[in-house]
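Need a 3D model of the following:
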Amino acid sequence: MSVELIARKRIEIYSGSSHAELSEEIAAHLGVKLGEANLREFANGEVHCRFGESIRGKDVFIIQTHCAPVNDSIMEQLIMIDAAKRASAKRITAVCPYYGYSRQDRKATGREPITAKLVSDLFKAAGATRLVSVDLHSGQIQGFFDGPVDHLTGMPVLVNYLRANTTPDNLVIVAPDAGRVKVAERFSQHLGCDLALVHKRRPKGSIGAVEARHVVGPVEGRLCVLVDDMIDTAGTICAASELLKEHGANEVWAMATHGVFSEPALDRLKASPLSRVVVTDTLPLDETRRIDKMEVLSVAGIIADAIDAVFADTSVSEIFGGDNLS
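As a prediction, the model looks like this:
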């Protein structure tokens, strides 16, 4: 007697507590309901998780963006991953719209950690078999995780916004520093517009201080759009916007995937020459942290498409036409 078993792929999506609104939007795009993670804290702050349904043999996606408090967000996701592993999930994907510690991806000076690698090691030790993230600070982070990493990009959302609100003849995409030239060049190619570069330097021994020194490219009388992966304290973006104005730019916008907005970012942005600040919702932004010149775009559709591709074992890079590859 022989028994033929037909495998059925089943998906479960769970959300951590850091950005439930984005997780719900992703689930809505996929046409599924978020599972019950039943997260709670003990009196001493320790986190507990118990999934409300059996996940044995299922594809489990655990969504958690690493917003402040960053360590709490990461630890909560690790606990959820460990719970899924011990509940016999078939495959566990950690979905991190914003990947914590991504700027600590190398040793810039002696006696420093490479914390982005440490975070990857923690995800592997907890039981994650795959990572999904949006616009990592540097592409090399993909190599830190011992397993597949799907590096998504918010570029399609930002490019579509620019197409709807600008004209190529008047538009210049500006890289705020040398490290963003490749990304800015992709934007300019998609939009068929000019490209410029701001040269900056950080005074030796300082943290967060930025000096914008030179502009290379045709910015006079044009709408200049600074593009970056994140806006944290806004020092780089604001210094670049002031320099562009000094060089005759008619209007300056800033665009970034991740709106971190650590103090004193919002005050700097309000006082800057920037007329528009466009970010995506990879990080939560409540009304108290939004200013009049700010617009927030959704990346839920992009993340949902990637989750769908991972679940169906189809290509993720085809969603972005290869633009997600560093």
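
Any figure for the gap between Tyr14 and Lys58?
Using C-beta to C-beta, to the nearest Å, Tyr14 is found at 11 Å from Lys58. The way it works is simple: take the backbone N, C-alpha and C, and place the C-beta from them, glycine included.

Near Arg106, how many other residues are there?
Around Arg106 there are 12 other residues, counting by other C-beta atoms under 10 Å.

can you tell me how far the closest residue to it other than its chain neighbours sits from His66?
Counting by C-beta to C-beta, 6 or more residues apart in numbering, Ile114 is the residue found nearest to Arg106 once chain neighbours are left out, at 6.3 Å. Look at Ile114 and His66: by C-beta to C-beta, they are 17 Å apart.

Which one of those two is surrounded by more residues?
Neighbours were counted for Ile114 and for His66 using other C-beta under 10 Å; His66 has more, 26 against 15.

Check which residues of whatever helix or strand Met75 lives in are buried.
If you go by DSSP states H and E, Met75 is part of helix 70-86. Using 16 or more other C-beta atoms under 10 Å as the burial criterion, the residues of helix 70-86 that qualify are 70, 72-84.

Tyr14 and Lys58: who's more crowded?
A side-by-side neighbour count of Tyr14 and Lys58, using other C-beta under 10 Å, places Tyr14 first with 27 against 22.

Now do the SS call for the more buried one.
Look at Tyr14: counting by DSSP: H, G, I helix; E, B strand; the rest coil, its state is strand.

How about the contacts made by it?
By C-beta atoms under 8 Å, 6 or more residues apart in numbering, the contact list for Tyr14 reads 34-35, 37, 51, 60-63, 80, 84.

measure it to Ser23 for me?
In terms of C-beta to C-beta, Tyr14 sits 8 Å off from Ser23.

Identify the contacts common to those two.
34, 63.

so where do the strands sit in the stretch 51-200 of the chain?
Assigned strands in the stretch 51-200 of the chain, in chain order: 59-63, 91-96, 130-134, 149-152, 171-175, 194-201 (criterion: DSSP state E, counting those that start in this stretch).

Which helix or strand lies directly C-terminal to the worst-scoring helix or strand of the chain on mean pLDDT?
Every helix and strand in the chain was compared by mean pLDDT, DSSP states H and E; the lowest is strand 211-216, with a mean of 79. Using DSSP H and E, the helix or strand that follows strand 211-216 in sequence is strand 223-231.

Centre of the chain to that following strand, how far?
How far strand 223-231 lies from its chain's middle: 14 Å, per C-alpha atoms, centre = their mean, to the nearest Å.

Could you break this structure into its assigned domains?
Domain segmentation of the chain under automatic domain parsing yields 11-153+301-320, 155-297.

hey, least reliable of the ones you listed by pLDDT?
Among these, domain 155-297 carries the lowest mean pLDDT, a mean of 92.
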